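**Q** how would this look folded up:
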Amino acid sequence: MRVGVITFPGSLDDRDAQRAVRLAGAEPVALWHGDHDLHGVDALVLPGGFSYGDYLRCGAIAAHSPIMAEVIDAANAGMPVLGICNGFQMLAEAHLLAGGLIRNDHGNFICRDQGLRVENTSTAWTNDFATGAEITIPLKNGEGGFIADADTINRLEGEGQVVFRYLGVNPNGSINDIAGISNERGNVVGLMPHPEHAVEAGFGPDTAAAMRSGVDGLAIFTSAIRALASV
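**A** Next up, the predicted model:
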């Protein structure tokens, strides 16, 4: 399986996402935001960072990058697409995912290991989890508050499109503690925490077993490989 990781001006975690893809057993393919060619990849990752310096709304300019036309077409055709942090913001700005992300309610950038509950395991990016699984993933954002109108929130909740929910503490004021959502089809998922920073023992969050041993994020990437293999 070949998974494309798109670099935008200001991407910070593109190399980390490529490594996560490789550790999950797929071939990472570096893609550039200014291209119109997805190079035949089977899935896509929009990584975290500060695209275009986040000088407008986060992800608003990147959502109009040339390659996003190809991303939108691929997503609408069913290709698995994952947006992480800034990538989640891009997917919302490109209307591939509902709602939007605003400044954290406390006004500060936050960086912490964050507890999450997996609410939906039927998406292309969560099928390797058990429903209700509690995991720990690093979080780092300044504009991570998920918002949407009441009708949209009711639809997301009612149709099972809330994929991840914050546990223990809501770090940014997101409505209903929402940390990640999917589209109706389940092939497009966005989340604010960074699973690519929890894929390799020695570099992840602390666990009861050992310091820095958490690898809960790896299952997000292996899920996509399983979903592709079943097609």
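**Q** Give me the phi and psi for Glu134.
**A** Torsion angles at Glu134 (phi, psi; degrees, to the nearest 10) stand at phi -110, psi 120.
**Q** and it, bridged to which residues?
**A** Arg117 (DSSP bridges).
**Q** Touching, it and Leu116? I think so.
**A** Yes - here Glu134 reaches Leu116: they are 7.2 Å apart, a contact under CB atoms under 8 Å. Any C-beta I mention is one placed from the backbone N, CA and C, and that applies to glycine too.
**Q** roughly how far apart are Cys85 and Glu184?
**A** 23 Å (CB to CB, to the nearest Å).
**Q** more crowded one of the two?
**A** Cys85 (28 against 12; other CB atoms under 10 Å).
**Q** Could you find the closest non-adjacent residue to that one?
**A** Ranked by CB to CB, 6 or more residues apart in numbering and with sequence neighbours excluded, the top spatial neighbour of Cys85 is Gly48, at 3.4 Å.
**Q** Number of residues surrounding that neighbour?
**A** Gly48 has 26 neighbours, counted by other CB under 10 Å.
**Q** Would you mind measuring from it to Lys140?
**A** Counting by CB to CB, the gap from Gly48 to Lys140 is 8 Å.
**Q** and what of Ala60?
**A** For Ala60, the distance to Lys140 equals 20 Å [CB to CB].
**Q** Repeat that for Phe129.
**A** If you go by CB to CB, the gap between Phe129 and Lys140 works out to 22 Å.
**Q** Spatially nearest residue to the residue nearest the centre of the chain, not counting backbone neighbours?
**A** In the chain, the residue lying closest to the centroid (CA atoms, centre = their mean) is Ile84, at 2.9 Å. Closest residue in space to Ile84, ignoring its immediate chain neighbours: Gly48 at 4.8 Å, by CB to CB, 6+ apart.
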